[in-house]
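Peer 1: turn this into a structure:
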Amino acid sequence: MMAEEVVADAVERFHPRVALACSFQKEETVLLEMLFAAEPSARVFALDTRVLFEETYDYWRAVEARYDTKVEVFAAEDPPDGLWATDLRESGRMIGMCGLIPVEGTGPDVEVVYVLEQPAWGQGYATEMARACLDAGFASFGLERIIALAYPENGPSIRVMEKAGMQPAGTMHAHGHDLVCYEAFADGGPGSQPSR
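Peer 2: Presented below is the predicted three-dimensional model:
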């Protein structure tokens, strides 16, 4: 299979859940070209360590302009603490990531996020990850409200939100799409609609 076919296949099978983690090195230009050729509304995210070279930020801005996209940013000092690796207790093998991030990198809403490799789907790990993130957000970081977002057609992710004890909160326009929004509160009470 050619690289273009691999990217197109991944987009076909996993869009809109697929996203490219990008460090904005010029070598990634080819991958970005393939991704946006296969799916113009593809998502790209980056870890901003706040110590990147100015040329990296220039390339980042050029990517946003060229593909008419907004890079989702996970920043080193953004509260609460970015993404955490999710490892199997038995083997220590990493099967995914989860965490709490400001929506679209700026907030004010804080979003619980979780991603698993496909062989780990359907085994309750995502629910466990979401619950752990909610517990950390409320107990360790003192958050009062945490939301979760999903594409309306992503039933499994919505079920994870429900199993984690989150309540429906309408829709929110974020990451360039109208998404289903669920919420949870530190005191367990009902709340307001999303701020967007």
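Peer 1: contact partners for L179?
Peer 2: L149, A150, Y151, P152, T171, M172, H173 (C-beta atoms under 8 Å, 6 or more residues apart in numbering). Where C-beta positions appear, they are placed from N, C-alpha and C, glycine not excepted.
Peer 1: tell me what the first one is bridged to.
Peer 2: Going by DSSP bridges, L149 is paired in beta bridges with C181.
Peer 1: show me the contacts for it.
Peer 2: L149 neighbours (C-beta under 8 Å, 6+ apart): V103, E111, M172, A174, H175, L179, V180, C181, Y182.
Peer 1: quick one: mean pLDDT over the top helix by length along the chain.
Peer 2: The longest helix of the chain (DSSP state H) is helix 54-67. Mean per-residue pLDDT for helix 54-67: 83.
Peer 1: alpha carbons of it, in CSV - could you do that?
Peer 2: Extracted as CSV, the C-alpha positions of helix 54-67 are listed here (Å, rounded to 0.1, in the frame of the first residue of the first chain):
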residue,chain,number,x,y,z
GLU,A,54,10.2,30.8,15.8
GLU,A,55,10.5,29.0,12.5
THR,A,56,8.3,26.2,14.0
TYR,A,57,5.6,28.7,14.9
ASP,A,58,5.9,30.3,11.4
TYR,A,59,5.4,26.9,9.8
TRP,A,60,2.4,26.2,12.2
ARG,A,61,0.8,29.5,11.1
ALA,A,62,1.4,28.7,7.5
VAL,A,63,-0.2,25.3,7.8
GLU,A,64,-3.3,26.9,9.4
ALA,A,65,-3.5,29.5,6.5
ARG,A,66,-2.8,27.0,3.7
TYR,A,67,-5.4,24.4,4.8
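Peer 1: which neighbouring elements make contact with it?
Peer 2: Where contact means 3 or more C-beta pairs under 8 Å, 6 or more residues apart in numbering; DSSP states H and E, helix 54-67 is packed against helix 29-38.
Peer 1: tell me what angle the helix it packs on forms with helix 54-67.
Peer 2: Interaxial angle, helix 29-38 versus helix 54-67 (axes from the mean of the first three to the mean of the last three C-alpha atoms, to 10 degrees): 20 degrees.
Peer 1: so what are the domain limits for this protein?
Peer 2: Using automatic domain parsing, the domains assigned to the chain come out as 3-75, 82-185.
Peer 1: follow-up on the earlier one: can you redo the contacts of L149 as CSV with pLDDT and distance to G137?
Peer 2: Shown next, in CSV, are the contacts of L149 (pLDDT from 0 to 100; distance: C-beta to C-beta, whole Å):
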residue, pLDDT, distance to G137
V103, 86, 13
E111, 92, 10
M172, 93, 18
A174, 88, 18
H175, 84, 20
L179, 93, 19
V180, 96, 19
C181, 96, 16
Y182, 97, 14
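Peer 1: let's have the residues you listed in JSON lines, adding distance to E117.
Peer 2: Listed next are the contacts of L149 as JSON lines, based on distance: C-beta to C-beta, whole Å:
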{"residue": "V103", "distance to E117": "24"}
{"residue": "E111", "distance to E117": "21"}
{"residue": "M172", "distance to E117": "27"}
{"residue": "A174", "distance to E117": "24"}
{"residue": "H175", "distance to E117": "21"}
{"residue": "L179", "distance to E117": "23"}
{"residue": "V180", "distance to E117": "23"}
{"residue": "C181", "distance to E117": "26"}
{"residue": "Y182", "distance to E117": "23"}
